[in-house]
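Colleague: turn this into a structure:
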Amino acid sequence: TGSGSLTGTFNWTGGTISGGTTNIAAGSTLRISGTAIKSLSSDTINNAGTVIWGGTGDISGGNGAVINNQANGIFDVQSNETFSWTLLGSSPTFNNMGTLRKTASAGTATFSGVTFNNAGTVEAQSGTISFSSGVTNNGIFDAASGTTVNFAGSSTFSNGTAFTGAGVNRVTGGSVAISGTITSTNFEFAGGTLTGSGSLTGTFNWTGGTISGGTTNIAAGSTLRISGTAIKSLSSDTINNAGTVIWGGTGDISGGNGAVINNQANGIFDVQSNETFSWTLLGSSPTFNNMGTLRKTASAGTTTFSGVTFNNAGTVEARSGTLSLSNYSQTGGAIILVGGNITSGTTLNIQGGILTGVGTVTANVLNAGRVSVGLSPGTLAISGSYSQTSTGVLDIEIGGLSAGLFDKLTISGSATLAGTLNITLIN
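Modeller: Next comes the predicted model:
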């Protein structure tokens, strides 16, 4: 008990530190080791030196115990043990303004029931650091190659949060609230619920869980990778993409409660899967607003937007396989078939912009904009009816009478023609 400053080297192998303030002076070392549980009760440890936690004994804290790892302090975890709450009084708190690092053993060191506030740097240099009760953070989490920092429970990542390293910083459960600008090279959202509003800069991975109730901005030059086998859910949230979204893996996306994806003017939404973005039937249906480029670039299968209101004023490219679009309306931009096909269970509504390319559109097409057949020249097949309004334009190129020298529009259903037929001679 009591309060004092420790200068030099000290060893803590068992017993309880209680009811005072213990200061580890700069240049001094506290070694926590041995097999026994070490208890911290209603005491504050201020570390301006180095704490080395080794051995096989846990640390238990209660009655509002606090560890302050100060700005120049180092807390070096060389064990696979747990710092946990005794459930006596209020939970313990670990405030990191310096550096907490795990440097030894391939196992897992766990902070359980501990309020962990990070404004400094947390480094996983070996094994895994697990925060099973979450963190509050505006500092740095760095995971070296082959290591993991794992978050569960309730976490807050606020402005200035950075996830770095060649390993993985992964959320596996609980609720995570974001705000401000978050930077990352290796953040993975794998489970739980992501809430709040913030901007993501760098590379982020979404492999599971729900994004809900806020606004998530993908900054220009940044990448969101959607992958894995799990269903990803989007509920009453808006994703604004000014960077690149890559949708791969074998997991669907489900959306509800008015969820919105805005693929902005310079945004790229690259579909590399054969999965489905569907409406959960909860609340209003999701909306995909494309002002940038959405393209399907991989796999010969079908990617489906089911129950999703799809508004296009940018570019939609079917480069591979089939894009199945429901509730599609185009007011500008283009829908281009270049190696892929388009299907829709509802009328493909071209109110502006252009439908062009070579391939098959399996849908009824309403053209109040422009349909330009072929890729100079080529065949565009419509498996369904074709209606062209008075504002619609149909472009046909003719370069000769032999097959392959002229554009061809084939329509399996009825054709209603108005507007303009624009014939261009080529060759």
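Colleague: what's the span of stretch 274-290, first residue to last?
Modeller: The straight-line separation of the ends of stretch 274-290 (CA to CA, to the nearest Å) is 19 Å.
Colleague: ignore the last one, stretch 404-416
Modeller: Using CA to CA, the distance between the terminal residues of stretch 404-416 is 26 Å.
Colleague: repeat that for stretch 409-418.
Modeller: The first and final residues of stretch 409-418 sit 16 Å from each other (CA to CA).
Colleague: for that stretch, buried residues please.
Modeller: Neighbour counts over stretch 409-418 (16 or more other CB atoms under 10 Å) mark Leu409 as buried. (Each C-beta comes from the backbone N, C-alpha and C, glycine too.)
Colleague: contact partners for Ile382?
Modeller: Ile382 makes contacts with Thr360, Val361, Ala363, Val365, Leu409, Thr410, Ile411, Ser412, Gly413, as judged by CB atoms under 8 Å, 6 or more residues apart in numbering.
Colleague: apply 7 Å and report the result again.
Modeller: By CB atoms under 7 Å, 6 or more residues apart in numbering, the residues touching Ile382 are Val361, Val365, Thr410, Ile411, Ser412.
Colleague: just Gly14 next, same as before
Modeller: Gly34, Ala36, Lys38.
Colleague: okay, now the nearest residue to Asn422 once chain neighbours are set aside: neighbour count?
Modeller: Spatial nearest neighbour of Asn422, chain neighbours left out: Asp395 (4.8 Å); criterion: CB to CB, 6 or more residues apart in numbering. For Asp395, the count of nearby residues is 18 (other CB atoms under 10 Å).
Colleague: do the same with the one 10 residues further on
Modeller: Leu405: 13 surrounding residues under other CB under 10 Å.
Colleague: which residue packs closest to it, ignoring adjacent ones?
Modeller: Nearest non-adjacent residue to Leu405, counting by CB to CB, 6+ apart: Gly399, 4.4 Å away.
Colleague: I'd say Ser329 and Asn349 touch.
Modeller: Yes. Ser329 is in contact with Asn349 according to CB atoms under 7 Å; the separation is 4.6 Å.
Colleague: quick revisit: how near is the residue nearest to Asn422 to Ile59?
Modeller: 74 Å (CB to CB, to the nearest Å).
Colleague: the residue nearest to Asn422 bridge partners, please.
Modeller: Beta-bridge partners recorded for Asp395 (DSSP bridges): Ser372, Asn422.
Colleague: if I read this right, it contacts Ser372, doesn't it?
Modeller: Yes. Using CB under 7 Å, Asp395 is in contact with Ser372, at 4.0 Å.
Colleague: and after the host helix or strand of Thr360, which helix or strand comes next?
Modeller: Thr360 belongs to strand 348-362 when assigned by DSSP states H and E. Toward the C-terminus, strand 348-362 is succeeded by strand 365-367 as the next helix or strand (DSSP H and E).
Colleague: for stretch 191-202, which positions count as buried?
Modeller: Gly191, Gly192, Thr193, Leu194, Thr195, Gly196, Gly198, Ser199, Leu200, Thr201, Gly202.
Colleague: what's the farthest-apart pair in the contacts of Ile382?
Modeller: Val365 and Thr410 (12.2 Å; CB to CB).
Colleague: mind telling me which residue is nearest the centre of this structure?
Modeller: Trp206 (3.8 Å; CA atoms, centre = their mean).
Colleague: check the gap between that residue and Ile239 for me.
Modeller: Counting by CB to CB, the gap from Trp206 to Ile239 is 10 Å.
Colleague: likewise Ile335?
Modeller: 22 Å.
Colleague: look at these two and report which has more neighbours.
Modeller: Legend: neighbour count by other CB under 10 Å for Ile335 and Ile239, higher for Ile335 (27 against 24).
Colleague: can you get me the start-to-end distance on stretch 77-87?
Modeller: First residue to last in stretch 77-87 (CA to CA) measures 23 Å.
Colleague: er, stretch 277-290 I mean
Modeller: One end of stretch 277-290 sits 15 Å from the other (CA to CA).
Colleague: same question for stretch 248-266.
Modeller: Distance across stretch 248-266, first residue to last, is 20 Å (CA to CA).
Colleague: in that stretch, what's buried?
Modeller: For stretch 248-266, burial by neighbour count (16+ other CB under 10 Å) applies to 248-249, 251-257, 259-264.
Colleague: spatially, which two of these are the most separated?
Modeller: Longest span within those, CB to CB: Gly248 and Asn257, 25.5 Å.
Colleague: before we move on, back to that, more neighbours, Ser329 and Asn349?
Modeller: Per other CB under 10 Å, whichever of Ser329 and Asn349 has more neighbours is Asn349, with 21 against 18.
Colleague: who are the contact partners of the more buried one?
Modeller: Asn349 sits next to Tyr328, Ser329, Gln330, Leu366 when contact means CB under 7 Å, 6+ apart.
Colleague: possible to save these as JSON lines with distance to Trp85 and secondary structure?
Modeller: Below are the contacts of Asn349 laid out as JSON lines (distance: CB to CB, whole Å; DSSP: H, G, I helix; E, B strand; the rest coil):
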{"residue": "Tyr328", "distance to Trp85": "53", "secondary structure": "strand"}
{"residue": "Ser329", "distance to Trp85": "54", "secondary structure": "strand"}
{"residue": "Gln330", "distance to Trp85": "57", "secondary structure": "strand"}
{"residue": "Leu366", "distance to Trp85": "63", "secondary structure": "strand"}
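Colleague: of those residues, closest to Ile231?
Modeller: Tyr328 (23.4 Å).
Colleague: before we move on, back to that, quick one: the strand holding Thr360 to chain centroid distance?
Modeller: Centroid separation for strand 348-362 versus its chain: 31 Å, with CA atoms, centre = their mean, to the nearest Å.
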